[in-house]
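>>> Predicted model follows, preceded by the sequence.
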Amino acid sequence: MGKRFITVFLTGALIVGMIGISYSNPGYMSQFNTNYGTSGTALNSCSVCHTSPPTLNPYGNDWLNSAYNFAAIEGLDSDKDGFTNIVEIQARTFPGDAASHPAAAGDTTPPTVTGFTLPPTAAALTVSILAFTATDNVGVTGYMVTESATAPAAAAAGWSAAPPSSYAFGTAGTKTLYAWAKDAAGNVSASLSASVTVTIATPDTTPPTVTGFSIPATATRLTVTITTFTATDNVGVAGYLLTESATAPAAAAAGWSPAPQSFYRFASAGGKTLYAWAKDAAGNVSTSLSASVNITLSGTPTGPAALGIYRGGEWYWDNNGNGIWDGCAVDSCKQSFGSPDDIPVAGDWTGDGIKKIGVYRKGSWYLDLNNNGVWDGCGVDACIASFGGLLGDVPVVGDWTGDGIAKVGIYRKGEWFLDLNGNGVWDGCGVDGCIASFGGLLGDVPVVGDWTGDGIVKVGIYRKGEWFKDLNGNGVWDGCGVDGCIASFGGLPEDVPVVGDWTGDGIAKLGIYRRGEWYHDLNNNGVWDGCGVDGCVASFGGNAVDIPFAAQMSQPVPAAGQVSQPAPVAGQVSQPVPVASQKSHQIPDE
């Protein structure tokens, strides 16, 4: 009994092992293909012997039972479909699948190509076939794609057992392909056709051409307006660049702009030559056009001389920049321009490079155009009858357009209204400048300045010691990674923000006025580095009614209503600027 059990066990194990070998050994498929020439046909498949590996179909079972002898089972009809195995193999149908068999005698019905699609365009000679389907009354045995409308023979080379997924053309251009199908009886379908336009891009080696470039022959400021800058290209201009060097810049160099620059800022005065370049998307760089300008600075204030005090209609300006009131014979006194209720403003109203005074009075503006410190009436000086005037409006002044002329503006609870064309009239957002939301929290103070040195004044907000500056000038708070954030410069309740170009390099820097003391961020790092590095003025102003001003002035703001605000809400922060003690002040009392 024990020996019989062992014999049965070994026999079962041998059968299981043989089945596993038949499934896992690719040599049997190779032997089948060699015997019957089926390599590359539909019969070059595990489906010859399996329904779903490792399960054997009837042909696979007969082959297993014949001890793996294909010739021994050629005369059998394994799938009982009326055709012997050898007849099915020669017809390239499956001998183990009753649904797959040679066409019945007299099959004259050709297949039908039911779908054939190509993409409309292609950038390579090999084009994907998106769809290729066909049906037949017995079964489709072959698929072919040609560039000829003439039907191929059933015995022609190029038929495949499955629809092809792509086709390789020999040349570019507009091409038409024809899709065919055949059956086992040799019937060939009519075709379906589809067209594609093949375009092979040729390298672009043609550089752009700068067709026009001009700047003024003379200028009185370092920022020079670009009068003309145009360029063309056979494909398209992708970048514009201005340099002071005649050496062509690399296409990957810093400073390229997708649009022509409207201004250029030089580092110093004198005779200057500027070179205009253009590039395309392929990296071709044009030759340049050049233009020259002679810059003579006239009256542009630099250094601490920008600070001043407005006191109820009187103006005290530190002309020599020593931070000390030296009296009217040395420094500047304007004895009567404005009233105690007015808000002082200062700007280059005429574009001559000299800052001049003015006052804002409940929507009206009075600007000292001839810079004599006296109100000469609207016929000589400038009157703006109505720009602003709502309760809580705060005046701001800046060169919003880079033309060298300061223009008026209004900050209103987070909204900004800027007189871009300088006519002193609100012409609506389509002509003048509207900023929908930059600031607006209770206590926010508007500040403006040329933060980047490009000649254009941009907006900002001072919030209890924190500063948010619109560096890219788009009027939107883009976060600290794009715009400028200063975590702590100022912050005491009595601090008033002031902005000015304290070092004369063309870049506006922040500062704090504190009861007559001034703290200037000379190195523009947004950190108070002490009086040895940054600027300290111990005593200039300090009366309770004093209002500080500078090249770009800012004012204490009437309480703003709570509005939606894109800049982050600031908490109370620690403050490195030293707390000022009350000191005597050298400006004479009223």
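Looks like it arrived, so ask away.

>>> beta partners for Tyr178?
Applying DSSP bridges to Tyr178 gives these bridge partners: Thr146, Ser193.

>>> gap between it and Val533?
81 Å (C-beta to C-beta, to the nearest Å). C-beta: built from backbone N, CA, C; applies to glycine.

>>> Counting neighbours, go ahead and name the busier of the two.
Tyr178 (20 against 12; other C-beta atoms under 10 Å).

>>> need the helices for this structure, in chain order.
2-24, 27-36, 58-65, 85-90 (DSSP state H).

>>> Flag whichever of these has the least confidence on average.
Lowest mean pLDDT within the helices of the chain: helix 2-24, a mean of 42.

>>> and Pro216, how many neighbours?
For Pro216, using other C-beta under 10 Å, the count is 14.

>>> Repeat that for the one 5 residues further on.
For Arg221, the tally of surrounding residues (other C-beta under 10 Å) stands at 22.

>>> Tell me the predicted confidence for Leu76.
In this model, Leu76 carries a pLDDT of 93.

>>> can you count the residues close to it?
What Leu76 shows, counting by other C-beta under 10 Å, is a neighbour count of 17.

>>> for the one 10 residues further on, same thing?
Residues within reach of Ile86, counting by other C-beta under 10 Å, total 16.

>>> likewise Pro395?
24.

>>> what ranges do the strands span in the stretch 101-250 of the chain?
112-117, 121-122, 126-128, 131-135, 140-146, 166-168, 173-183, 192-198, 209-214, 218-219, 223-225, 228-232, 237-243 (DSSP state E, counting those that start in this stretch).

>>> Stretch 326-340 - what's its average pLDDT?
Per-residue scores along stretch 326-340 average to 87.

>>> Dump the C-alpha coordinates for it into CSV.
Taking Å, rounded to 0.1, in the frame of the first residue of the first chain, the C-alpha atoms of stretch 326-340 are listed here in CSV:
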residue,chain,number,x,y,z
ASP,A,326,22.0,126.2,10.7
GLY,A,327,19.5,129.0,10.4
CYS,A,328,17.9,130.5,7.3
ALA,A,329,21.1,131.9,6.0
VAL,A,330,22.7,128.5,5.5
ASP,A,331,19.7,126.1,5.4
SER,A,332,16.4,126.9,3.7
CYS,A,333,13.4,128.6,5.2
LYS,A,334,10.0,129.0,3.5
GLN,A,335,8.1,131.2,5.9
SER,A,336,4.6,131.0,4.6
PHE,A,337,3.4,128.3,2.1
GLY,A,338,0.4,126.5,3.5
SER,A,339,-1.7,126.5,6.7
PRO,A,340,-1.7,124.4,9.9
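
>>> quick one: buried residues of that stretch?
Counting neighbours by 16 or more other C-beta atoms under 10 Å, one finds that the buried residues in stretch 326-340 are 331, 333-334, 337-338.

>>> Over to stretch 277-285?
277-280, 284-285.

>>> Endpoint to endpoint, it covers what distance?
One end of stretch 277-285 to the other measures 7 Å (C-alpha to C-alpha, to the nearest Å).

>>> Stretch 292-310 now?
41 Å.

>>> again, but for stretch 347-360
End to end - C-alpha to C-alpha - stretch 347-360 spans 13 Å.

>>> how much space between Val537 and Thr38?
Val537 is 98 Å from Thr38, by C-beta to C-beta.

>>> mind giving me the domain ranges of the protein?
If you go by automatic domain parsing, the domain ranges for the chain are 2-90, 112-198, 209-295, 342-549.

>>> which of the ones you listed sits most buried?
domain 342-549 (a mean of 19; mean count of other C-beta atoms under 10 Å).

>>> So what's the gap between it and the chain middle?
30 Å (C-alpha atoms, centre = their mean, to the nearest Å).

>>> same thing with stretch 116-127?
That offset, for stretch 116-127, works out to 31 Å (C-alpha atoms, centre = their mean).

>>> How about residues contacting that stretch?
Contact with stretch 116-127 is made by 128-133, 166-172, 175, 177, 179, 192-201, as judged by C-beta atoms under 8 Å, 6 or more residues apart in numbering.

>>> try it again with 7 Å
Contact with stretch 116-127 is made by 128-132, 166-169, 172, 177, 179, 192, 194-201, as judged by C-beta atoms under 7 Å, 6 or more residues apart in numbering.

>>> now swap in stretch 230-241 and tell me
Taking C-beta under 7 Å, 6+ apart as the rule, stretch 230-241 contacts 204, 206, 208-212, 229, 249, 255-261, 277-281, 286.

>>> got it, and stretch 524-533?
With C-beta under 7 Å, 6+ apart as the criterion, stretch 524-533 contacts 486, 489, 507, 509, 519, 522-523, 534, 576-577.

>>> out of those, who's nearest Ala91?
Ile486 (85.2 Å; C-beta to C-beta).

>>> That closest one and Trp467 touch, don't they?
Yes: using C-beta atoms under 7 Å, Ile486 is in contact with Trp467, at 3.9 Å.
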